[in-house]
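Colleague: Fold the following.
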Amino acid sequence: MTKTEFIHMLIEEGYPRPIEVRHDPGVSLGEHAHPFEVYALILEGDIELIIQGESSTYKLGDIFYLGAQELHSESYGKEGVFYLASRRSVDDL
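Modeller: Alright, predicted model coming up:
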């Protein structure tokens, strides 16, 4: 998916404007959750998410979604990761 397509999708779904997020190479975060749901579009590098024991790796052009309070762990590839993320509080639904 392109950046333009991603932003158009967010607008249609009622998500706020995305922010840029960058993480350093080789970093991992253990299991945790966020108080918001998020859609993200990978622009550079890659990220591995493990949700309920299932691992998925997202690369350039891929989108991932995490629900609010969804337990997950994440690891960033050898080049790190750079993505656009739109975060929506469950209070905004």
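
Colleague: Over to the residue nearest to Glu13 when sequence neighbours are not counted: give its phi and psi.
Modeller: Excluding the flanking residues, the one nearest Glu13 by Cβ to Cβ, 6 or more residues apart in numbering is Tyr39, at 7.7 Å. For glycine as for every other residue, the C-beta is placed from the backbone atoms N, C-alpha and C. When read as degrees, to the nearest 10, the backbone of Tyr39 gives phi -110, psi 140.

Colleague: just checking, Tyr39 touches Ile11?
Modeller: No - checked against Cβ atoms under 8 Å, the pair Tyr39 and Ile11 is beyond contact range at 11.6 Å.

Colleague: on that earlier part again, show me what the residue nearest to Glu13 is bridged to.
Modeller: Counting by DSSP bridges, Tyr39 forms beta bridges with Tyr65, Ser86.

Colleague: Now for it: which residues touch it?
Modeller: 6, 9-10, 13, 15, 18, 63-65, 85-86 (Cβ atoms under 8 Å, 6 or more residues apart in numbering).

Colleague: Then Arg17?
Modeller: 7, 10, 86.

Colleague: try Tyr65
Modeller: Contacts of Tyr65 (Cβ under 8 Å, 6+ apart): 37-40.

Colleague: out of those, who has the most neighbours?
Modeller: The most crowded member of the contacts of Tyr65, judged by other Cβ atoms under 10 Å, is Ala40 (23 neighbours).

Colleague: where do the strands sit along the chain?
Modeller: Under the criterion DSSP state E, the chain contains strands at 19-23, 28-32, 36-51, 54-58, 63-66, 72-89.

Colleague: related to what we said a few turns ago, just put the contacts of Tyr39 in JSON lines and tack on pLDDT and distance to Lys78.
Modeller: Below are the contacts of Tyr39 laid out as JSON lines (pLDDT from 0 to 100; distance: Cβ to Cβ, whole Å):
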{"residue": "Phe6", "pLDDT": "97", "distance to Lys78": "24"}
{"residue": "Met9", "pLDDT": "95", "distance to Lys78": "29"}
{"residue": "Leu10", "pLDDT": "96", "distance to Lys78": "29"}
{"residue": "Glu13", "pLDDT": "92", "distance to Lys78": "32"}
{"residue": "Tyr15", "pLDDT": "95", "distance to Lys78": "30"}
{"residue": "Pro18", "pLDDT": "96", "distance to Lys78": "25"}
{"residue": "Ile63", "pLDDT": "97", "distance to Lys78": "22"}
{"residue": "Phe64", "pLDDT": "97", "distance to Lys78": "19"}
{"residue": "Tyr65", "pLDDT": "97", "distance to Lys78": "24"}
{"residue": "Ala85", "pLDDT": "97", "distance to Lys78": "21"}
{"residue": "Ser86", "pLDDT": "97", "distance to Lys78": "26"}
